[in-house]
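> mind folding the following:
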Amino acid sequence: MEFGASGYYILGEVITASMSILLCINILLTFSAYDKRQRLFLYAGISTFFAAAFDIGTVFCETYYQQLPLGFSTLISTLFFIFLMFTPFAMSDYVIDIAYTLRKNKKLGYSINGIVYAIYLLIVLINISTGWIFKYTPDKGYIRGPLKYLTYTLTAFYSIFILFTMFKNRKFIARRIFWVFVAYPFISIIFVVLQFFRPEMIMTGVASFSAVLFAYLTVQSYLIEVDMSTGLMTESKLKKRIAIQKLEGVLYVFSIENINMIQSSMDVSDFNRFFLSLGGVFNIHFPHNAYHITTNRFAALARNVGDAAEKAEIIQNYITDLTSDINSIMPIPVESYSAAIEFSHDDNDYDSLMDLVNNMLLKAKSKQLRKMQICDESVMVDRERKHYIYRILKRELELDSEQFQVWYQPIYSLEKRHFTYMEALSRLINTELGDISPTEFVYVAENRGLIERLGFVAFEKVCKFIAENRDLIDAVSINFSVYQMTNQNLVENVLTTLESFHLKPENIIMEITESIFIENYDLVRDNMCQLAQAGVKFYLDDFGTGYSNLANVVGLPFSTIKMDRSLVLMMEENDRGVNLFSNLVSTFKDAGLKILVEGVETNNQNNLVENIGVDYIQGFLYSRPLDPSTCVDVLRKDRAAIKN
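Have a look, this model is predicted:
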């Protein structure tokens, strides 16, 4: 596109102005402008638009200088020079922000960048009277001054400044971002050189916009794979990296198990700083190989197990120090565990690797092992066993299953001097692996998404058992997990199931632990209140095992408190334990609650709790858990003894 005798081609500037508008609209519509770094791209896009627009205006002013006022032409060209160098100024600020980690270094970089642009801006403004860069005359129009190469010089300065900053701080910068900003100055310089040798080709705006667009698209594609809360790459990036890695490597995973308690105990700003600082530590020790894979888990790729172990110890020490700082804000330590597993190009299935890592982390948590766990033969064997148990559970979690059973432990009433009701306990027996302990199969169910199904099938079996023995059984207590208690359809499911077996809500006692209330108190409370109103009773299970909040006891519809066996053992140690237990019992009974003590195994323990005045006793001294038919026989004998 050519205008007049000047012979300037401005099609590139027209396209640049249009595309700059689209870039700015995209940033605004995606709300990216709320982020400081994204705002710099917005400023660069705006300045590129005005630079291109005023460059086109300058061409017209130069072409039609005789018809236009000289003051107007001077103003248009002055605005062109002001906006021309604002784009590299904004991009230099972006580089400073991503490259430097210390605030004082950022301030120094901003200051240097700002001073250079301020000097340039001053020269452009006083050019109106000095004509150092350009001026308009009535007879010759646009004339370049002695500083006509100032913009070229400043472009070279910004290019060197960006390259120096990137290379100096490359270890803190993601590889893709590093290379795009290394290429950024060269893209601008290529167009500037073309402009220099072919002045009729107006490409000033094209030079700025091409470099900005290249940087923006690269950064945006990178941000899709980066978690902004930590500055680390996402799990999808980790999967790709493991899939394409040709050499052997080590997958290291770090898990914070009590992340929800930490988050609920901290201000949002403090928690965000905690996450960013942890992400920074991973970036320093695993540059370009650190990932944030879930809310509470971080991962990294190491060269070998020794490298992973060394850096894991550094991170654990950092967590220990950080815990001390956090404790000034909240009294909760960071409960963290880590594990590592080797992989090769031929054995790099991500899901299988993470499955093994999960087993190691859970083992570390159960045994409170702070040292990094390394995958060995025992982990492989344990993993295969858990897979087998999972398959058995999927097959056997049915109402009529003979292998998944519910056994019952009778509970003795001190007031009535006989068994009044019983607790339901899940069992997995006579399988291909023999009898599997509840601890083991419940653990598998929780970690493989079967715990709700397990709880519901157990509940159905209990209802069936009660329905078949109405003459002997008034009520059975059954444990409900957090997964069941936070189910939106809990109330409907429970009442519908009871109705299908022609039972009353009073036939069921739901036992829940206090840990259920940690994450979703309101939903659990609402479900409890609706069921209690229908007639279901609630027992607070395992009181005395760590997390105890009397407000939950008083404010929720509990009828009985189950004292954990640890409190019984505490009484046997000294009189202080007896006094504490006695005071607890008195407090709850004054509030109208019944007391059930579990884990009573000796006559001495029985005498202690009986003398204090508890209401119910459960333990091996009275009865072990019994299969359904044996339990029925015991209850019949107990009833017969009462009649006699």
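
> contacting residues for the residue nearest to the spatial centre of the chain?
When CA atoms, centre = their mean is applied to the chain, the residue found nearest the centroid is residue 295 (1.5 Å). For residue 295, the contacting residues are residue 259, by CB atoms under 8 Å, 6 or more residues apart in numbering. Placement of C-beta: from N, CA and C, glycine included.

> show the pLDDT at it.
If you check residue 295, the pLDDT there is 83.

> roughly how far apart are it and residue 342?
The spacing between residue 295 and residue 342, counted by CB to CB, to the nearest Å, is 26 Å.

> check residue 181 too.
Going from residue 181 to residue 342 by CB to CB gives 35 Å.

> more neighbours, the two?
Taking neighbours as other CB atoms under 10 Å, residue 181 and residue 342 compare with residue 181 leading, 25 against 16.

> ok but the more buried one is inside a helix, no?
Yes. Counting by DSSP: H, G, I helix; E, B strand; the rest coil, residue 181 is found in a helix.

> with adjacent residues omitted, what lies nearest to it?
Of all residues not flanking residue 181 in the chain, residue 166 sits nearest, at 5.2 Å (CB to CB, 6 or more residues apart in numbering).

> over to that neighbour: give its phi and psi.
Torsion angles at residue 166 (phi, psi; degrees, to the nearest 10) stand at phi -70, psi -50.

> number of residues surrounding it?
Residue 166 has 21 neighbours, counted by other CB under 10 Å.

> cool, residue 615 as well?
By other CB under 10 Å, 20 other residues sit near residue 615.

> beta-bridge partners for the closest residue to it other than its chain neighbours, please?
Using CB to CB, 6+ apart and skipping residues adjacent in sequence, the residue nearest residue 615 is residue 594, 4.4 Å away. Note on residue 594: beta-bridge partners by DSSP bridges are residue 560.

> distance-wise, check residue 594 relative to residue 562.
Shown here: residue 594 relative to residue 562, a distance of 10 Å by CB to CB.

> cool, and residue 529?
Look at residue 529 and residue 562: by CB to CB, they are 20 Å apart.

> ok, residue 302 next?
Separation of residue 302 from residue 562 (CB to CB): 47 Å.

> those two: who's more crowded?
Remark: of residue 302 and residue 562, residue 562 carries more neighbours, 25 against 21, as counted by other CB under 10 Å.

> wait, that one sits on residue 542?
Yes. Between residue 562 and residue 542 there is a contact at 6.6 Å, judged by CB atoms under 8 Å.

> mind exporting the strand or helix carrying residue 154 as PDB, just the C-alpha atoms?
Element membership for residue 154, per DSSP states H and E: helix 150-168. C-alpha atoms of helix 150-168 as PDB (Å, rounded to 0.1, in the frame of the first residue of the first chain):
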ATOM      1  CA  LEU A 150      18.500   7.300  18.900                       C
ATOM      2  CA  THR A 151      15.700   4.700  18.600                       C
ATOM      3  CA  TYR A 152      18.100   2.300  17.000                       C
ATOM      4  CA  THR A 153      20.600   2.800  19.800                       C
ATOM      5  CA  LEU A 154      17.900   2.400  22.500                       C
ATOM      6  CA  THR A 155      16.600  -0.800  20.800                       C
ATOM      7  CA  ALA A 156      20.200  -2.200  20.900                       C
ATOM      8  CA  PHE A 157      20.400  -1.200  24.600                       C
ATOM      9  CA  TYR A 158      17.100  -3.000  25.500                       C
ATOM     10  CA  SER A 159      18.200  -6.000  23.500                       C
ATOM     11  CA  ILE A 160      21.500  -6.300  25.400                       C
ATOM     12  CA  PHE A 161      19.700  -5.600  28.700                       C
ATOM     13  CA  ILE A 162      17.200  -8.400  28.200                       C
ATOM     14  CA  LEU A 163      19.900 -10.800  27.100                       C
ATOM     15  CA  PHE A 164      22.100 -10.000  30.000                       C
ATOM     16  CA  THR A 165      19.200 -10.400  32.500                       C
ATOM     17  CA  MET A 166      18.100 -13.700  31.100                       C
ATOM     18  CA  PHE A 167      21.500 -15.300  31.000                       C
ATOM     19  CA  LYS A 168      22.400 -14.000  34.400                       C
END
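
> give me the mean pLDDT for it.
Mean pLDDT, helix 150-168: 85.

> buried sites along it?
Within helix 150-168, the residues scored as buried using 16 or more other CB atoms under 10 Å are 150-151, 154-155, 158-159, 161-163, 165-166.

> can you check stretch 67-75 too?
Residues of stretch 67-75 classed as buried: 68, 73-74 (neighbour count, 16+ other CB under 10 Å).

> likewise stretch 346-363?
By 16+ other CB under 10 Å, the buried positions in stretch 346-363 come out as 348, 350, 353-354, 356-363.

> so which of the residues you listed are in helices?
Secondary structure from DSSP state H places 350, 353-354, 356-363 of these in helices.

> and residue 477, how far from residue 523?
Going from residue 477 to residue 523 by CB to CB gives 22 Å.

> no wait, residue 301
39 Å.

> and for residue 119?
Distance, residue 119 to residue 523, by CB to CB: 62 Å.

> out of these two, which sits in the more crowded spot?
Per other CB under 10 Å, whichever of residue 119 and residue 523 has more neighbours is residue 523, with 16 against 11.

> so residue 503 sits against residue 463, correct?
Yes. Counting by CB under 8 Å, residue 503 touches residue 463, with 5.8 Å between them.

> who's more crowded, the two?
Higher neighbour count among residue 503 and residue 463: residue 463, with 23 against 18, using other CB under 10 Å.

> mind listing what that one touches?
Residue 463 is in contact with 497-498, 500-501, 503, 507-508, counting by CB under 8 Å, 6+ apart.

> once you drop chain neighbours, what's closest to it?
Once flanking residues are discounted, residue 463 sits nearest to residue 501: 4.2 Å by CB to CB, 6+ apart.

> swap in residue 475?
Distance criterion CB to CB, 6+ apart; nearest residue to residue 475, sequence neighbours excluded, is residue 421 at 4.7 Å.

> now stretch 100-116, how far from the centre of its chain.
When distances are taken as CA atoms, centre = their mean, to the nearest Å, stretch 100-116 is centred 32 Å away from the chain's centroid.

> show me the contact partners of that stretch.
With CB under 8 Å, 6+ apart, stretch 100-116 has contacts from 89, 92-93, 96-97, 99, 154, 157, 161, 165, 169, 172, 280.

> so where's the stretch 251-400 of the chain shaky on pLDDT?
Along the stretch 251-400 of the chain, segments meeting pLDDT under 70 span 322-332.

> 50 - rerun?
Across the stretch 251-400 of the chain, the ranges flagged by pLDDT under 50 are 326-327, 330.
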